[in-house]
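Undergrad: just the structure for this:
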Amino acid sequence: MLKYARTIAAQLSFVFLEVKARSANVVERIGMGTTTKQSYRSRVHYFLLLALTLFWGLNWPAMKIVLMEVPVWWFRAICLLIGGLGLMSIAVFSGQRVSLPKAQLKPLLICGVFLVFGWHIFTGYGLTQMPAGRSAIIAFTMPLWATIFSALILNETITKKKLAALFSGLMGLIILIGPDIVLIQKSPMGAFLMVCAAISWALGTVLFKRTKWSASTTSVAAWLLLFGAIPFVLGVIVGGYRFELFSISTKSIFAFTYVLIFPMMFCQWCYLEIVSILPANLAALSTLAIPLIGVLSSGFILDEVLGFQEVISLILITGALLGVLISPDAKRIVKDI
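TA: Sure thing, here's the model as predicted:
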């Protein structure tokens, strides 16, 4: 069993290292010119953006399926523990630095609270109270909140164009969740939790960007997931949540496996890799099309109805994201990746 585990970890570490190494050392390895190197690196990072969009978009119906049978605290505890241990194994087997200096422990804990624990607890409970498609739309207003936090914490400029985009995104949210607030019999708690998730993720992203990490992205992502898992593990123990792992359906097992491998491990690493390259507000470029994939896949997999309200809201929020993310420096930054 140990032999097979080492083989799997070695294969996964090859994928992570190959993407990073090829994008950084193409000239030295195969003698490419500078222009060819930049073009190759751009293609690699565009591939990462595409993969992130697809895998995180499909994550929403997958999580909804699992949470129909698995308690939130158990689901998040298992995901974060296995995801963190998996990424840490990849870092160790590939020879990456995994230790962090004491000065970075406090930033790591703070980022873990907002980027991991806050995001996962709010989305976990939010998904149990509203459709996966709507949840995805609200959660991925994150770049709007990241723009505000990046201005307050990182002193990034908020232009008139970005203010207009923020207004457009707010209108999209009002259209989407307004009826749930107006109608007393419909609880707005699900929408409120997803907004909290978006704000928590945005603040965690900006705080992560503010810190100059000494370890590799894979190692930092692993530590974040493991630290974020602690409150969920304690919650399972103290809260007395009962759950029979082998009693869930085959459909949920497949969905659970998907969440563990792609969104929890690959996407966590991929997103933090992108955040480490781009400015905080432009790093949200990777999330641009995720709500669309989430809505469409939820309609196809879960038979959720995509109504006029969702379409208008999606258009307004997508327009807002475009306004926030496309700046005069965007083309230069993406070109230099």
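Undergrad: what's the neighbour count on residue 171?
TA: By other C-beta atoms under 10 Å, the residues close to residue 171 number 17. From N, CA and C alone the C-beta is placed, and that goes for glycine too.
Undergrad: tell me the pLDDT at the spatially closest residue to residue 306 that is not a sequence neighbour?
TA: In space, and not counting its chain neighbours, residue 306 is closest to residue 299: 5.1 Å by C-beta to C-beta, 6 or more residues apart in numbering. Among the per-residue scores, residue 299 holds a pLDDT of 87.
Undergrad: tell me the secondary structure at residue 299.
TA: Three-state call for residue 299 (DSSP: H, G, I helix; E, B strand; the rest coil): helix.
Undergrad: from residue 311, how far out is it?
TA: Counting by C-beta to C-beta, to the nearest Å, the separation of residue 299 from residue 311 is 11 Å.
Undergrad: correct me, but residue 72 touches residue 126?
TA: No: with contacts defined as C-beta atoms under 8 Å, residue 72 does not count as touching residue 126, sitting 9.7 Å away.
Undergrad: ok, those two, which is more surrounded?
TA: Using other C-beta under 10 Å as the criterion, residue 72 and residue 126 rank with residue 126 on top: 25 against 20.
Undergrad: please tell me I have it right and the more buried one contacts residue 134.
TA: No: using C-beta under 8 Å, residue 126 makes no contact with residue 134, being 9.5 Å away.
Undergrad: overlap in contacts of those two?
TA: Taking C-beta atoms under 8 Å, 6 or more residues apart in numbering as the contact rule, the neighbours common to residue 126 and residue 134 are 190, 191, 194.
Undergrad: got the residues you listed as a markdown table, with pLDDT columns?
TA: What follows is the shared contacts of residue 126 and residue 134, written out as a markdown table (pLDDT from 0 to 100):
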| residue | pLDDT |
| --- | --- |
| 190 | 85 |
| 191 | 84 |
| 194 | 91 |
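Undergrad: so where's the stretch 1-150 of the chain uncertain?
TA: Residue ranges of the stretch 1-150 of the chain with pLDDT under 70: 1-43, 45-46.
Undergrad: mind redoing it with 90?
TA: Within the stretch 1-150 of the chain, the stretches with pLDDT under 90 are 1-53, 57, 94, 129-148, 150.
Undergrad: could you pull out the helices for it?
TA: Secondary structure of the stretch 1-150 of the chain, counting by DSSP state H, counting those that start in this stretch: helices at 2-30, 34-67, 72-93, 105-111, 119-127, 132-139, 142-153.
Undergrad: equivalent analysis for the stretch 151-300 of the chain, please.
TA: Taking DSSP H, counting those that start in this stretch as the criterion, the stretch 151-300 of the chain carries its helices at 160-182, 189-210, 217-239, 250-259, 268-277, 280-283, 290-302.
Undergrad: what does the fourth one rub up against?
TA: The list of residues contacting helix 250-259 from outside it, by C-beta under 8 Å, 6+ apart, reads 58-59, 61-63, 65-66, 68-70, 75, 78-79, 248.
Undergrad: apply 6 Å and report the result again.
TA: Applying C-beta atoms under 6 Å, 6 or more residues apart in numbering, the external contacts of helix 250-259 come out as 62, 65, 66, 69.
Undergrad: for the residue nearest to residue 306, the count of nearby residues, please.
TA: 17.
Undergrad: which residues touch residue 233?
TA: For residue 233, counting by C-beta under 6 Å, 6+ apart, the contacting residues are residue 77.
Undergrad: skipping adjacent residues, who's closest to residue 158 in space?
TA: In this structure, residue 158 finds its nearest non-sequential neighbour in residue 151, 4.7 Å apart by C-beta to C-beta, 6+ apart.
Undergrad: the one you found and residue 137: what is the separation?
TA: Taken as C-beta to C-beta, the spacing of residue 151 relative to residue 137 amounts to 24 Å.
Undergrad: higher neighbour count, these two?
TA: Under the neighbour definition other C-beta under 10 Å, residue 151 and residue 137 were set side by side, and residue 137 has more, 28 against 16.
Undergrad: quick one on the thing from earlier: make JSON lines from the shared contacts of residue 126 and residue 134 and add neighbour count to it.
TA: Putting the shared contacts of residue 126 and residue 134 into JSON lines (neighbours: other C-beta atoms under 10 Å) gives the following:
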{"residue": "190", "neighbour count": "21"}
{"residue": "191", "neighbour count": "23"}
{"residue": "194", "neighbour count": "28"}
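Undergrad: and of those residues, the nearest to residue 271?
TA: For residue 271, the nearest member of these is residue 194. The distance, counting by C-beta to C-beta, is 18.1 Å.
Undergrad: ok so, going back, and of the helices of the stretch 151-300 of the chain, who's closest to residue 86?
TA: The closest approach between residue 86 and any of the helices of the stretch 151-300 of the chain, judged by C-beta to C-beta, belongs to helix 217-239 at 7.9 Å.
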